[in-house]
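Q: Have a look; sequence and predicted model below, questions after that.
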Amino acid sequence: MARLVLWDIDHTLISTRGVGRDLSAAAFEEVTGQPMREQAQIDGITEPVIFRETAKLHGLTTDRKDFERFAQALTEQHHQRAAELREHGHALPGAASALDALAAAGVRQTVVTGNVKGAAKVKLGVFGLDTHIEWDAGAYGEDADLRPGLVEAALRRTGSGPKDAALIGDTPADVEGGRTTGVRVIAVATGRSSAEELLRAGADVALQDLTDIDRLVRLVKADTLNMT
């Protein structure tokens, strides 16, 4: 059984309903001095890559120090506008119950997310989804550009092997992060990818959402994911 769950955040546990982009735009302008006219692809992509590619769309070349400034500005934007995030965004159906049920089953939980750590904590905190998350065990946009690197970082920090973990996410990039590192993947079709697309990407199982709590817990605790 998996003794550790690695959660993605956006479109897996929460939806910001456009507020996240607004906060990124404000941080981008603060750091670069230019309004963010367009944004690079974001689905399953980490913040350092989004920032770098978005800067390129504006004719800018950035380095690690620029990203670190952006990460700090983005965190501050999330703190300052947490009420706006709470008003317009929402936890996805079943998210709170899933976190509670897994905790009750004795499963450790952390996050593997492209968000910077400060923003991730605000995002889950404003919707009351942070209670069971081991923040220092997770992996964030500051840690790696690609999902496999994030999964590897979280496994190191938790002292877990791939067979002891399950990753829950909504994008093909999440699936890749699990497959590349040997971590099984429970995909949820709560983002832009359908269950069929996530299975084709290599997910072990794909759920429509998180509302079937009993099934989710069984999948996490099962020795294999060959379950209906």
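A: All right, it came through fine.
Q: tell me the mean pLDDT for stretch 177-196?
A: In this model, stretch 177-196 has a mean pLDDT of 97.
Q: Take that stretch, keep the C-alpha atoms, and write them as CSV.
A: Included here for stretch 177-196 are C-alpha records, laid out as CSV according to Å, rounded to 0.1, in the frame of the first residue of the first chain:
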residue,chain,number,x,y,z
GLY,A,177,6.3,12.7,-13.0
GLY,A,178,5.0,9.5,-11.5
ARG,A,179,5.8,7.2,-14.3
THR,A,180,9.4,8.5,-14.7
THR,A,181,10.1,7.9,-11.0
GLY,A,182,8.2,4.7,-10.5
VAL,A,183,5.5,6.2,-8.4
ARG,A,184,2.0,5.0,-9.2
VAL,A,185,-0.5,7.7,-10.4
ILE,A,186,-4.1,8.2,-9.5
ALA,A,187,-5.2,10.8,-12.1
VAL,A,188,-8.4,12.9,-11.7
ALA,A,189,-10.1,14.4,-14.7
THR,A,190,-10.9,17.7,-12.9
GLY,A,191,-8.6,19.8,-15.1
ARG,A,192,-8.4,20.2,-18.9
SER,A,193,-7.6,16.5,-19.5
SER,A,194,-10.2,13.8,-19.7
ALA,A,195,-9.9,10.5,-18.0
GLU,A,196,-9.2,8.8,-21.3
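Q: what's the domain layout of the chain?
A: 4-16+90-221, 19-86 (automatic domain parsing).
Q: Make CSV out of those and add mean neighbour count.
A: Every C-beta, even on glycine, is put in place using the N, C-alpha and C of the backbone. Listed next are the domains of the chain as CSV, based on neighbours: other CB atoms under 10 Å:
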stretch, mean neighbour count
domain 4-16+90-221, 20
domain 19-86, 17
